[in-house]
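Chemist: coordinates only, sequence not included:
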């Protein structure tokens, strides 16, 4: 999981999500300029895109796309 | 051969700033004031990335009249381990830095028109600023002042001409181009190494210190500042808020903080997500078989839960990523007042960075560093004051920008040595020539296995650290088999290598330091050893690998000296610094 919903219709192509993503998961489509989830497996679910999207296009799950992490204990 | 890479594009500038977070912005803005042509590049989008927008918006502040006492407090707090020159410079510039940031467009919490300086403890002051919009505000100022910017460029290695750094190699993540940036002065401001274990500060993966090291610059303090934060396991994120510590309990339902720190249960205290006392209590309870640890807010009203957070300032912007209770409800379907939630420490980042002097210069000509990417030994004792990270980014940025700008005004730009560039490009692009046998994430996961467990990294011991280093050896072997298809994966591969290097340096320095000091705790050397270990450990690249050097803290040159050292000087006035 991670980006579990992206509302492409509502996307205006502002690029905030692309700029905010620390993992380079998102890009703007070359043809229509809207965001595309190009590398979904690399999403670490930081909620950067969801926080900075003015249109509310994203719903990001708590789990990272590649699953849980190494235990600190 | 899989991928065809176009011939590199050369872009020239006076001052090249790698990384456009808080430190990079401050460095670029200050360098521009000297009239230099400034180019800033970032692997993400400028204005949104870095650690500042997603942080808490806290800026440490020291009143000018309090600087002397502050320097003494930090120095004594660090047991004279700090670089006193830097501590003084840092303390004395905090007021001006705050005013400069306001003049450059940052929105501060104000009272009757003036920046509101809040008191958060005895002689502990902070200001609050609008973090999510802060870099956008600085970006607007930077654009208006003619600073050039390029988004989505992954800086991967430095370029040299002889001993001089003359720029950097960048991978265009979107356009697939290779860029050779040729500059008179290069400033690394790419942050420290966050290992992407804790998601809040996941953008910093150690690339800057790694490229500096490869080019020959010294790193320092790699064994310190390894930091864990505490958060709700299911969210995979630190818990922001200052009173939640009161509601931490073990599997038996016993409140844990009062067991170890009874003073925290009387009166009102602010205990932040990065407070090591909480991590200590969690670790001890789990070790004693009373884990896991939970946050139990059952029965609390919404107002009481909001009080635990107590970090919402209505005048400032708040983003979803920082609102833990909202995330719990909306993303996990958890009502925090109805069920207890398992807590986990998260590894936040490693310490250390490029060694800099009082002008922000690294040990390599032509190369400066600022923010988390550098280390100036002022810290390790300045703790207890929130917002030091952002203030350090600003001041090291201003210092480096000031000096690099002045340098660029008087210096000629040296051309890139093409043979050197060709060697760098061959190394950087090599994984594109192989089919993806190993994904870079496999390497990162192995690095996590070595750096995240507290048995290796928090409660350190020689045998266990060697075990961690052997995991890292395996990670390095896997790294040699990584093949990638495009620049996105190539950048992931190089970030994995940077994380691997940061982890190796942490353990090598921690093994050498046979004592316990600040957050560096050795189970096998539990005492602080001032007579032997008032030394900074620096790491430098040699032909046969990294060399670890020790540099005695120059106490003789400093105004504040420990009593035992003064006594020693009186009895042996001509003896050299302890060595």
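Modeler: Perfect, I can see it now. These figures come from a predicted structure and were not determined experimentally.

Chemist: need the contact list for the residue lying closest to residue B:299 once chain neighbours are set aside.
Modeler: In this structure, residue B:299 finds its nearest non-sequential neighbour in residue B:337, 6.8 Å apart by CB to CB, 6 or more residues apart in numbering or on different chains. Heads up, the C-betas are built off the backbone N, CA and C, glycines and all. Listed by CB atoms under 8 Å, 6 or more residues apart in numbering or on different chains, the contact partners of residue B:337 are B:297, B:298, B:299, B:300, B:301, B:302, B:305.

Chemist: tell me, how many neighbours does residue A:24 end up with?
Modeler: Residue crowding around residue A:24 was assessed by other CB atoms under 10 Å in any protein chain shown; the count is 22.

Chemist: That one and residue B:45: what is the separation?
Modeler: Distance of residue A:24 to residue B:45, given as CB to CB, to the nearest Å: 10 Å.

Chemist: and the residue in chain A positioned nearest to chain B, what helix or strand is that in?
Modeler: Residue nearest to chain B within chain A: residue A:19 (2.0 Å; CB to the nearest CB). In this assignment (DSSP states H and E), residue A:19 forms part of helix A:16-20.

Chemist: list the helices and strands whichever helix or strand comes after that helix packs on?
Modeler: Tracing the chain past helix A:16-20, the next element assigned as helix or strand by DSSP H and E is strand A:26-28. Under the contact definition 3 or more CB pairs under 8 Å, 6 or more residues apart in numbering or on different chains; DSSP states H and E, strand A:26-28 sits against helix A:16-20, strand A:35-37.

Chemist: Neighbouring strands - and their directions - for strand A:26-28?
Modeler: Take DSSP bridges as the rule and strand A:26-28 pairs in its sheet with strand A:35-37 (antiparallel).

Chemist: for the closest residue to residue B:361 other than its chain neighbours, helix, strand, or coil?
Modeler: Closest residue to residue B:361 apart from its sequence neighbours, by CB to CB, 6+ apart: residue B:368 at 5.7 Å. With DSSP: H, G, I helix; E, B strand; the rest coil as the basis, residue B:368 sits in strand.

Chemist: Residue B:368: how many residues sit nearby?
Modeler: Using other CB under 10 Å as the criterion, residue B:368 is surrounded by 33 other residues.

Chemist: Looking at residue 64 now. What's its pLDDT?
Modeler: In the absence of a named chain, chain A is used. In this prediction, residue A:64 carries a pLDDT score of 93.

Chemist: Actually, chain B is the one I wanted.
Modeler: Reported pLDDT at residue B:64 in the predicted model: 97.

Chemist: wait, doesn't it sit right on residue B:92?
Modeler: Yes: here residue B:64 lies in contact with residue B:92, judged by CB atoms under 8 Å, at a distance of 7.3 Å.

Chemist: Looking at those two, which one has more neighbours?
Modeler: Between residue B:64 and residue B:92, counting by other CB under 10 Å, residue B:92 is the more crowded of the two (17 against 12).

Chemist: sorry, back to before: so for the helix holding residue A:19, what's the average pLDDT?
Modeler: The model assigns helix A:16-20 a mean pLDDT of 96.

Chemist: Ok, stretch B:229-238 next?
Modeler: Across stretch B:229-238, pLDDT averages out at 90.

Chemist: That one close to chain A?
Modeler: Yes: contact between stretch B:229-238 and chain A is present through B:234, B:235, B:236, B:237 (criterion: CB under 8 Å from any CB of the partner chain).

Chemist: Mind listing residues that contact that stretch?
Modeler: Counting contacts by CB under 8 Å, 6+ apart, the residues touching stretch B:229-238 from outside are A:45-46, A:62-64, A:68-69, B:198-200, B:239, B:273-274, B:278-279, B:282, B:292, B:295, B:321, B:324, B:327-328, B:331-332, B:334, B:341-346, B:348.

Chemist: Now do that stretch: distance to the chain's middle.
Modeler: Here stretch B:229-238 is found 19 Å from its chain centre; the criterion is CA atoms, centre = their mean, to the nearest Å.

Chemist: which of the residues in that stretch are buried?
Modeler: Counting neighbours by 16 or more other CB atoms under 10 Å in any protein chain shown, one finds that the buried residues in stretch B:229-238 are B:229, B:230, B:231, B:232, B:233, B:234, B:235, B:236, B:237, B:238.

Chemist: tell me which residues form a beta bridge with the last one?
Modeler: With beta bridges defined as DSSP bridges, residue B:238 has these partners: residue B:231.

Chemist: Show me what the longest helix anywhere in chain B is packed up against.
Modeler: Among the segments of chain B that qualify as a helix by DSSP state H, the longest is helix B:487-512. Here helix B:487-512 is seen to pack against strand B:153-161, strand B:164-172, helix B:207-215, helix B:418-429, helix B:440-451, helix B:462-479, strand B:535-542, strand B:545-552 when contacts are counted using 3+ CB pairs under 8 Å, 6+ apart.

Chemist: Now with 6 Å, please.
Modeler: helix B:207-215, helix B:440-451, helix B:462-479, strand B:535-542 (3 or more CB pairs under 6 Å, 6 or more residues apart in numbering or on different chains; DSSP states H and E).

Chemist: hey, which of the ones you listed is tucked in deepest?
Modeler: Of all the helices and strands packed on helix B:487-512, helix B:207-215 carries the top mean neighbour count, a mean of 26, counting by mean count of other CB atoms under 10 Å in any protein chain shown.

Chemist: Beyond that helix, next helix or strand please.
Modeler: Next helix or strand after helix B:207-215 toward the C-terminus (DSSP H and E): strand B:219-220.

Chemist: Around residue B:136, count how many other residues there are.
Modeler: Applying the criterion other CB under 10 Å, we find 17 residues in the vicinity of residue B:136.

Chemist: Please identify the helix or strand for residue B:15.
Modeler: Counting by DSSP H and E, the element that carries residue B:15 is strand B:9-18.

Chemist: Follow the chain on from that strand and name the next helix or strand.
Modeler: Heading C-terminal from strand B:9-18, the first helix or strand you meet, by DSSP H and E, is helix B:22-33.

Chemist: Can you name every helix or strand that the next helix or strand after that following helix contacts?
Modeler: On the C-terminal side of helix B:22-33, the nearest following helix or strand under DSSP H and E is strand B:38-41. Counting by 3+ CB pairs under 6 Å, 6+ apart, the packing neighbours recorded for strand B:38-41 are strand B:9-18, helix B:22-33, strand B:148-150.

Chemist: Tell me which of the ones you listed sits most buried.
Modeler: Greatest average neighbour count among the helices and strands packed on strand B:38-41 goes to helix B:22-33 (a mean of 30), per mean count of other CB under 10 Å.

Chemist: Would you mind listing what in the stretch 351-500 of chain B touches chain A?
Modeler: Within reach of chain A by CB under 6 Å from any CB of the partner chain, the stretch 351-500 of chain B has these residues: B:448, B:449, B:452, B:454, B:488.

Chemist: Just flag the most distant two among those residues.
Modeler: By the measure CB to CB, B:454 and B:488 form the most distant pair in these, at 32.7 Å.

Chemist: Could you report the distance from the residue of chain B found nearest chain A to residue B:25?
Modeler: Sorted by distance to chain A under CB to the nearest CB, the residues of chain B start with residue B:45, at 2.0 Å. For residue B:45, the distance to residue B:25 (CB to CB) stands at 13 Å.

Chemist: go on, residue B:197?
Modeler: Residue B:197 sits 26 Å away from residue B:25 when distances are taken as CB to CB.

Chemist: Shouldn't residue B:49 be within a strand?
Modeler: No: assessed by three-state DSSP, residue B:49 does not belong to a strand; its assignment is coil.

Chemist: is it true that it touches residue B:204?
Modeler: No: between residue B:49 and residue B:204 there is no contact, the gap being 9.6 Å when judged by CB atoms under 6 Å.

Chemist: on that earlier part again, ranking the helices and strands packed on strand A:26-28 by burial, who's on top?
Modeler: Across those, averaging neighbours per residue (mean count of other CB under 10 Å) puts helix A:16-20 on top, at a mean of 25.
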